[in-house]
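> what's the 3D shape of this:
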Amino acid sequence: PYVHAMTDVTGFGLLGHLSEMCEASGLSATVNFRQVPLLDKAILDYYLGEKCIPGGTHRNWSSYGHKIEDLPDEQRFLLCDPQTSGGLLTAVAPGHVSDFKKAAKAEGFDLEPLGVLETQRAKLVRVTD
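Numbering: from 1, shown residues only. This next block holds a predicted model:
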């Protein structure tokens, strides 16, 4: 009962799916970049250093970047990447985050929040370090 919304994170990347959730709910989000699960940093640094960025990443940003506050290229490349594992993005009522984490742990998932939903701002998503 404390889960308000849920979506899979697929081809539109985390920022695309999150901005859609925000639009549908009339809210904005702040994402803590350090809380976003990513592949091994050394691997990511290598591919980003080689400018190996999928074309879909750029197309994603072109379609919804105007809804996102400015962010460094590295964060944009990673958070708009269409190559995802299909994880779930879940909006949980503020007073029930520990209940959700406990229920998820019982099913074998060790989850941590990666951000918060807030009153809607001009830009739907802000990414912080």
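> give me the contact list for the helix-or-strand element of the chain with minimal mean pLDDT.
Sorting the helices and strands of the chain by mean pLDDT, DSSP states H and E puts helix 41-49 at the bottom, at a mean of 87. With CB atoms under 8 Å, 6 or more residues apart in numbering as the test, helix 41-49 has contacts from 38, 53, 74, 77-78. Every C-beta, even on glycine, is put in place using the N, C-alpha and C of the backbone.
> apart from its chain neighbours, what residue comes closest to residue 128?
Excluding its sequence neighbours, the residue lying closest to residue 128 (CB to CB, 6 or more residues apart in numbering) is residue 32, at 5.6 Å.
> roughly how far does the one you found sit from residue 66?
22 Å (CB to CB, to the nearest Å).
> one more: residue 45?
28 Å.
> not counting sequence-adjacent ones, nearest residue to the residue nearest the centre of the chain?
What sits nearest the mean C-alpha location of the chain, by CA atoms, centre = their mean, is residue 14, with 3.5 Å. Distances taken as CB to CB, 6+ apart put residue 79 closest to residue 14, at 4.9 Å, once the chain neighbours are dropped.
> the more surrounded of residue 32 and residue 66?
residue 32 (14 against 10; other CB atoms under 10 Å).
> got phi/psi on the more buried one?
phi -90, psi 110 (degrees, to the nearest 10).
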